[in-house]
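[1] everything below, folded, please.
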Amino acid sequence: MVFLNLNNSRFDVTTSDNVHIAYCRLAGARVRGLQLDEFSTFYETETAEINFDGGPLSNTAFQDVRLAEEATVNADLSGAFGDATVRLPERMDRPAHWPAHDLGDAFDTEWRKWQADPEGYTPPPPPQHRFEPDPKP
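    Predicted structure coming up:
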């Protein structure tokens, strides 16, 4: 696995289709005016000091991401999808349509279900873990 360090990089863009950012450090990166499309994803990425204020996050997916306070000053996550692996700043509420548990391999499937019907989407319940005691010797 390669972890790309894009700290202090500058990305001045207007639209970006099919953006997939994975395993990146983006501390201090300037990403202004970014308009993400419905196929954009952020996975295992640190977003410290990224500014998501420049464009909509409609249909964007976040999984296993830490959204830093600086990155989300005016961000509206109601149009984005994530699960319990997304770490939000304390001041931000988790959107109601985000599942409260780690979706794991089901993430993409649930994201597509939500995209198909955002108003009717119901997050799946957490998986049930069966406790089975060790057999007595």
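
[2] which SS state does Gln115 fall under?
    Here Gln115 takes the helix state, with states given by DSSP: H, G, I helix; E, B strand; the rest coil.

[3] please verify my assumption that it contacts Phe81.
    Yes - counting by Cβ atoms under 8 Å, Phe81 is a contact partner of Gln115 at 7.5 Å. All C-beta spots, glycine's among them, are computed from the backbone N, C-alpha and C.

[4] list residues touching both of the two?
    Residues touching both Gln115 and Phe81 (Cβ atoms under 8 Å, 6 or more residues apart in numbering) are Asn59.

[5] so for those two, which residue has more residues nearby?
    Phe81 (28 against 15; other Cβ atoms under 10 Å).

[6] tell me the confidence at the more buried one?
    The model reports Phe81 with a pLDDT of 91.

[7] what about it, distance to Asp93?
    Using Cβ to Cβ, to the nearest Å, one gets 15 Å for the distance from Phe81 to Asp93.

[8] what does Thr122 give?
    18 Å.

[9] and Val65, by the same measure?
    For Val65, the distance to Asp93 (Cβ to Cβ) stands at 17 Å.

[10] same drill for those two, tell me which one is more crowded.
    Val65 (23 against 9).

[11] wait, that one touches Ala84, no?
    No - Val65 is beyond contact range of Ala84, at 11.6 Å (criterion: Cβ under 8 Å).

[12] what do the two both touch?
    Listed as contacting both Val65 and Ala84 by Cβ under 8 Å, 6+ apart is no residue at all.

[13] how about low-confidence regions in this protein?
    Within the chain, the stretches with pLDDT under 70 are 1-57, 68-75, 129-137.

[14] tell me the contacts of Asp102?
    By Cβ under 8 Å, 6+ apart, the contact set of Asp102 is Asp83, Ala84, Thr85.
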